[in-house]
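Structure, please.
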Amino acid sequence: MGSEGPPVVTVHVTGFKKFHGVSENPTETIVNNLKCYMEKKGLPKGLVLGSCHVLEAAGEGAVASLYKTLETAITGHENTSYTGHVIWLHFGVNSGASRFAIEKQAVNEATFRCPDELGWKPQKVSIIPSDGGISRTRETALPTNDITKALSNMGYAVMASDDAGRFVCNYVYYHSLRFAEEHGIKSLFVHVPLFLTINEDIQMQFAASVLEVLSSLQL
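Numbering: from 1, shown residues only. The predicted model follows:
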């Protein structure tokens, strides 16, 4: 599509602040620096980088601010004549990982291994009780296998995953997937390692590559 035409995809991005055991969350750095990084690198054709938010690493106590963040996607969308696609892209850290992970689904279960940053430590609690029990899952509408393959072909150590854990990452992803389904948009969660495992430069390149792959999807 030409440069004068409307964008095909608007991507809104989130990361997380620090939490127990992770004093410096790489996703906070990625998200805070992403707009400047992409301005220098150049956005893929047909893609607009929307809001970039860093979330509190918390569950129940941060739901109100999470939904306020998610709603920025649809309010901005509704205030324009643009009829393209909207994607929420969430980055979270897996401190024990050695590669990136594209998450296929989230589970309706909060079982936190440690208290979140607001002191909540649920065990086998339904994230959204009206959705049913803790075995309920929600899947992204995006083709995670295709996304993983494209990123792997770019040279990244990346895997497809169907287990986003049961901590705050899964909690946010579950809410986001439900919100996306209700509003006709899409959501994707990506786990990244610590910067000690894969350095900041490569992780910034990876985030840019994720945007590139999302811009190329036939949505």
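
Residue 198 and residue 159: what is the separation?
To residue 159, residue 198 is 13 Å away according to C-beta to C-beta, to the nearest Å. C-betas here are computed from N, CA, C, even on glycine.

list the residues that contact both of the two?
99-100 (C-beta atoms under 8 Å, 6 or more residues apart in numbering).

And the two? Which one has more around it.
Higher neighbour count among residue 198 and residue 159: residue 198, with 19 against 15, using other C-beta atoms under 10 Å.

what pLDDT does the more buried one get?
Looking at residue 198, its pLDDT stands at 98.

Then residue 146?
98.

element containing residue 214, please.
Under the criterion of DSSP states H and E, residue 214 resides in helix 200-216.

Buried residues in that helix, which are they?
For helix 200-216, the neighbour count (16 or more other C-beta atoms under 10 Å) marks 202-216 as buried.

residues in contact with the most centrally placed residue in the chain?
By C-alpha atoms, centre = their mean, the mean C-alpha position of the chain lies nearest to residue 90, the distance being 1.2 Å. Residues near residue 90 by C-beta under 8 Å, 6+ apart: 13-15, 169, 172-173, 176, 187-190.

closest to residue 147 among these?
residue 188 (7.6 Å; C-beta to C-beta).

Check for me that the closest one belongs to a helix.
No. Using DSSP: H, G, I helix; E, B strand; the rest coil, the secondary structure at residue 188 is strand, not a helix.

hang on, isn't residue 41 packed against residue 208?
Yes. Under the criterion of C-beta atoms under 8 Å, residue 41 makes contact with residue 208 at 5.7 Å.

helices and strands of the protein: which one bottoms out on pLDDT?
helix 63-78 (a mean of 82; mean pLDDT, DSSP states H and E).

Report the strands that pair with the very next helix or strand once past it, each with its relative direction.
Later in the chain than helix 63-78, the nearest helix or strand by DSSP H and E is strand 85-93. Sheet pairing of strand 85-93 (DSSP bridges) gives strand 9-16 (parallel), strand 186-192 (parallel).

Quick one, which of these gets closest to residue 121.
strand 9-16 (17.0 Å).

Could you pull up the mean pLDDT of the closest one?
If you average the pLDDT over strand 9-16, you get 96.

Use 220 as the first number for this chain going forward.
Got it, first residue is 220 now, which makes that one strand 228-235.

quick one: that strand to helix 419-435, angle?
Calculated by axes from the mean of the first three to the mean of the last three C-alpha atoms, to 10 degrees, strand 228-235 forms an angle of 150 degrees with helix 419-435.
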